[in-house]
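Colleague: my questions concern the predicted model and sequence given below.
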Amino acid sequence: MTTNIDTVKDTDTVLRTEGVNVYYGDFLAVKNIWLDIPKNKVTAFIGPSGCGKSTLLRCYNRLNDLIDSFRAEGKIFYCGKNLYAPDIDPVEVRRRIGMVFQRPNPFPKSIYDNITFGAKINGYKGDMDELVETSLRKAALWDEVKDKLKQSGLSLSGGQQQRLCIARAIAVQPDVILMDEPCSALDPLSTLRVEELITELKEQYSIVIVTHNMQQATRVSDMTAFFNVEPTEKGARMGYLVEYDRTELIFNDPKQKATQEYISGRFG
Ligand SMILES: Nc1ncnc2c1ncn2[C@@H]1O[C@H](COP(=O)(O)OP(=O)(O)OP(=O)(O)O)[C@@H](O)[C@H]1O
């Protein structure tokens, strides 16, 4: 018996993170995260390698569940429901909270089928042609592919493939889109196109983006969370949240010395 998750409404916060610890086996990878992700905004996660940005991102759609050694403590609320409560269906969570990965990963299927795949699994009853067009338009890809919808998604350029993956994520009508370094495999022009798209998409979706590119964080995000790593007594490296604020404050007037040092390129 699973609980239905209502769609986002009546709240400015789409995801509430309360005291989250993440372990891989005995290793505490991310410690005590408290963070509210705002609705219809872009939130950037920045910080040095290994500080747990991707780990935390994957907690928001329960993708870490697929890793045997993963264990989380604390609570993540989406629309007032704890995503880790026993009665929540992780598949439903992943429909509401979609994900775009670092490397574009279209299915080895046609452009059309890439879009309809998830909808079919979810038992979508609407007009598939319309869904394909709407999703591709929202991902700013329609004009480039409308005459070759039967061609393989893999025949597109890297930047187009990433926009196809964004269209695929949109097609299942999520509320939130998680993006894990979505531009790191793209050339500068494709990056710009995806960044413009992110700004357009936030009118309809709440977006969380992990990025190593600080200019990108300043260009696309409204809020920025800076994470850092500290050595533990056992010699492991544990990630934690240093500072979370409006992006302009993080980059122009950070409160913490570590944030200042990171954004000015002194480490990381
Ligand atoms: N599947 C896993 N099993 C075990 N440890 C993991 C796993 N995934 C990540 N880790 C560890 O958890 C810590 C956080 O990793 P994570 O990839 O979340 O950091 P990150 O900040 O996203 O790094 P990067 O910027 O390099 O992508 C690291 O020490 C990493 O080695």
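Modeller: Everything's here; your move. Residues are numbered from 1 along each chain as shown.

Colleague: up against the ligand, what does the stretch 151-268 of the chain have?
Modeller: By Cβ under 6 Å from any ligand atom, the residues of the stretch 151-268 of the chain that approach the ligand are 237, 239. Placement of C-beta: from N, CA and C, glycine included.

Colleague: quick check: Val93 touching Ile76?
Modeller: No: using Cβ atoms under 8 Å, Val93 is not in contact with Ile76, being 9.7 Å away.

Colleague: can you list residues touching both of those two?
Modeller: Common neighbours of Val93 and Ile76, counting by Cβ atoms under 8 Å, 6 or more residues apart in numbering, are Leu83.

Colleague: just the helices from the stretch 51-200 of the chain, written as ranges.
Modeller: Assigned by DSSP state H, counting those that start in this stretch, the stretch 51-200 of the chain shows helices spanning 53-59, 90-96, 111-121, 128-138, 142-145, 158-171, 188-201.

Colleague: does Lys109 touch Ser155 like I think?
Modeller: No: look at Lys109 against Ser155 with Cβ under 8 Å: they stay out of range, at 11.3 Å.

Colleague: give the burial count for the residue nearest to Met99 when sequence neighbours are not counted, as a bare number.
Modeller: Counting by Cβ to Cβ, 6 or more residues apart in numbering, Leu178 is the residue found nearest to Met99 once chain neighbours are left out, at 4.6 Å. Using other Cβ atoms under 10 Å, Leu178 is surrounded by 30 other residues.

Colleague: same question, Pro182
Modeller: Using other Cβ under 10 Å, Pro182 has 29 other residues around it.

Colleague: quick one: pLDDT of the closest residue in space to it that isn't next to it in sequence?
Modeller: By the measure of Cβ to Cβ, 6+ apart, the closest residue to Pro182 outside its immediate chain neighbours is Val100, 5.0 Å from it. pLDDT, Val100: 96.

Colleague: show me what Val100 is bridged to.
Modeller: Beta-bridge pairing for Val100 (DSSP bridges): Met179.

Colleague: got it, and Phe226?
Modeller: In beta-bridge terms (that is, DSSP bridges), Phe226 pairs with Ile46, Glu243.

Colleague: what does Met238 give?
Modeller: Met238 forms beta bridges with Glu230, as assigned by DSSP bridges.

Colleague: give the burial count for it, as a bare number.
Modeller: 21.

Colleague: list the residues that contact the residue most central in space within the chain.
Modeller: For the chain, the residue nearest the mean C-alpha position is Leu178 (1.3 Å; Cα atoms, centre = their mean). Neighbouring residues of Leu178 by Cβ under 8 Å, 6+ apart: 57-58, 60-61, 97-100, 207-209.
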